[in-house]
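**Student:** what would the 3D arrangement of this be:
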Amino acid sequence: MKLMSGRQYKNDLSDIAGILSEHQKRGEPIAREAVDGAVEKLYGGWMDIPQTSRDFIQYIFDNGDYGAIYTEVLVSDQSAKKALLDFEEQYPNTLNEENINTIIEQAKRKKENKLK
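**Tutor:** Below you'll find the predicted structure:
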């Protein structure tokens, strides 16, 4: 369900990385095939899963360092949430499902430009 939602501000992706990391630490890693099977069973395949979630799951399985990715994504999720709260404070009643990802991306670019 976290893959289907894929929200950058609700810890969906960091939760996925955290679950994979915890299973890996316990010596019970979750195989990509198990994730594929669950997506097939719940949603009939990957077609309806957002592209960002598909890209993320591919990235995390290719990389394999779930703990590091968890930390990285958690920081990103928290930054996105803060950006949305700041935006809502500055522009009340403007934030909605249609503009939320655009606002997050603009906040990321602004932050990156400040770091340069």
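
**Student:** same for the worst-scoring helix or strand of the chain on mean pLDDT, what does it pack against?
**Tutor:** Using mean pLDDT, DSSP states H and E, helix 100-115 stands out as the lowest-scoring helix or strand of the chain, at a mean of 83. The contact analysis (3 or more CB pairs under 8 Å, 6 or more residues apart in numbering; DSSP states H and E) places helix 100-115 against helix 66-90. For every residue, glycine as well, the C-beta is placed using N, CA and C.

**Student:** how far off helix 100-115 does the helix it packs on point, in degrees?
**Tutor:** 100 degrees (axes from the mean of the first three to the mean of the last three CA atoms, to 10 degrees).

**Student:** and the contacts of helix 66-90?
**Tutor:** 8-14, 17-18, 20-21, 24-25, 59-60, 63, 94-95, 100, 103-104, 107-108, 111 (CB atoms under 8 Å, 6 or more residues apart in numbering).

**Student:** mind doing that once more with 7 Å?
**Tutor:** 8-9, 11, 13-14, 17-18, 20-21, 24, 60, 63, 95, 100, 103-104, 107 (CB atoms under 7 Å, 6 or more residues apart in numbering).
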